[in-house]
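Student: Please work out how this folds:
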Amino acid sequence: MTDLVLKPTPLQDKRHELVLASGSAIRRIVLTNAGLAFSVMPSSVDETELKEAGQREGWSPATVALRLAEAKALAVDVPDAFIIGADQMLSCNGVLFDKPKDRQAARHHLCSLRGQTHILHTAVVVCRNGAVLWQHVSEPRLTMRLFSDAFLEAYLAEEGERCLASVGAYRIEGPGAHLFERIEGDHTAILGLPLLPLLSALREMSVILS
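Tutor: You can find the predicted model right below:
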């Protein structure tokens, strides 16, 4: 599936095609708001297989996120284009969390994270012609407040299926902000795409103007 973003921009070199290898709506918004023109080409990577390999090999959460981001970018074949891949893992007290499968799993996630500080290991890579040119991991730390059970049920009712789209069962850009007491780190990394490091890398590659 290809979704072309046709908005012209004077910020980048038109000779270089930029592709986002992700179907994430929020990642698309982050890049669009930064004034970039790009194509969206979600890749079909078996995330479960990579995560299981990471568990067998003892990879850190950051390494798992990087391997997933790399696999997604490398799976998109657009000659000479700069392909952006990204992924995110959540860890809390040594436990890894994945996207909840249903509302009950989302409730369990949030009960486990309540009153705790967790880390979002957010990886982004840039690939071109089958080679990784650059990679980066940001690790913001987020502390959830001790919210009540009544709040939790109201939150789940408000968010519905939307809370199943992220590893922590929350959208920080939406009602999920009510869950938190303290946030440390890059806001765009929390959203799933560390923007400033990525823009710096794209400038070094002459994809955008320096």
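
Student: Low-confidence stretches in the protein?
Tutor: 1-8 (pLDDT under 70).

Student: cutoff 50 now
Tutor: For the chain, applying pLDDT under 50 flags the ranges 1, 6.

Student: for it, what spans make up the strands?
Tutor: 3-4, 18-20, 39-40, 82-92, 95-97, 117-128, 131-138, 141-144, 180-184 (DSSP state E).

Student: Sheet partners, orientation included, of the fifth one?
Tutor: I take that to be strand 95-97. Using DSSP bridges, strand 95-97 pairs in its sheet with strand 82-92 (antiparallel).

Student: Please point out which parts of the partner strand sit buried.
Tutor: 82-92 (16 or more other C-beta atoms under 10 Å). All C-beta spots, glycine's among them, are computed from the backbone N, C-alpha and C.

Student: Grab the two from the residues you listed that are most spread out in space.
Tutor: 82 and 92 (33.8 Å; C-beta to C-beta).

Student: just checking, what packs against the lengthiest helix in the chain?
Tutor: In the chain, with assignment by DSSP state H, the single longest helix is helix 61-74. Counting contacts by 3 or more C-beta pairs under 8 Å, 6 or more residues apart in numbering; DSSP states H and E, helix 61-74 is packed against helix 47-57, strand 82-92, strand 117-128, strand 131-138.

Student: What separation do you get for residue 90 and residue 14?
Tutor: Distance, residue 90 to residue 14, by C-beta to C-beta, to the nearest Å: 38 Å.

Student: Mind putting the helices and strands packed on helix 61-74 into JSON lines with distance to residue 194?
Tutor: Output for the helices and strands packed on helix 61-74, formatted as JSON lines (distance: least, C-beta to C-beta, whole Å):
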{"stretch": "helix 47-57", "distance to residue 194": "20"}
{"stretch": "strand 82-92", "distance to residue 194": "8"}
{"stretch": "strand 117-128", "distance to residue 194": "6"}
{"stretch": "strand 131-138", "distance to residue 194": "4"}
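
Student: do you know which of these lies nearest residue 66?
Tutor: That would be strand 117-128 among those, by C-beta to C-beta, at 4.4 Å.

Student: Packing partners of the closest one?
Tutor: Using 3+ C-beta pairs under 8 Å, 6+ apart, strand 117-128 is in contact with helix 61-74, strand 82-92, strand 131-138, strand 141-144, helix 187-191, helix 195-204.

Student: To residue 55, which of those lies closest?
Tutor: It is, among the helices and strands packed on strand 117-128 and with distance given as C-beta to C-beta, helix 61-74, at 8.5 Å.

Student: what's next to that closest one, contact-wise?
Tutor: With contact meaning C-beta atoms under 8 Å, 6 or more residues apart in numbering, helix 61-74 is reached by 21-22, 43, 45, 47, 50-51, 53-54, 59, 83-91, 96, 119, 121-127, 130, 132, 135, 137, 139.

Student: Tell me what angle that helix forms with helix 47-57.
Tutor: 140 degrees (axes from the mean of the first three to the mean of the last three C-alpha atoms, to 10 degrees).

Student: and the angle for helix 61-74 with strand 131-138?
Tutor: Using the same axes, to 10 degrees: helix 61-74 against strand 131-138 is 140 degrees.

Student: what is the orientation angle of helix 61-74 with strand 117-128?
Tutor: 30 degrees.
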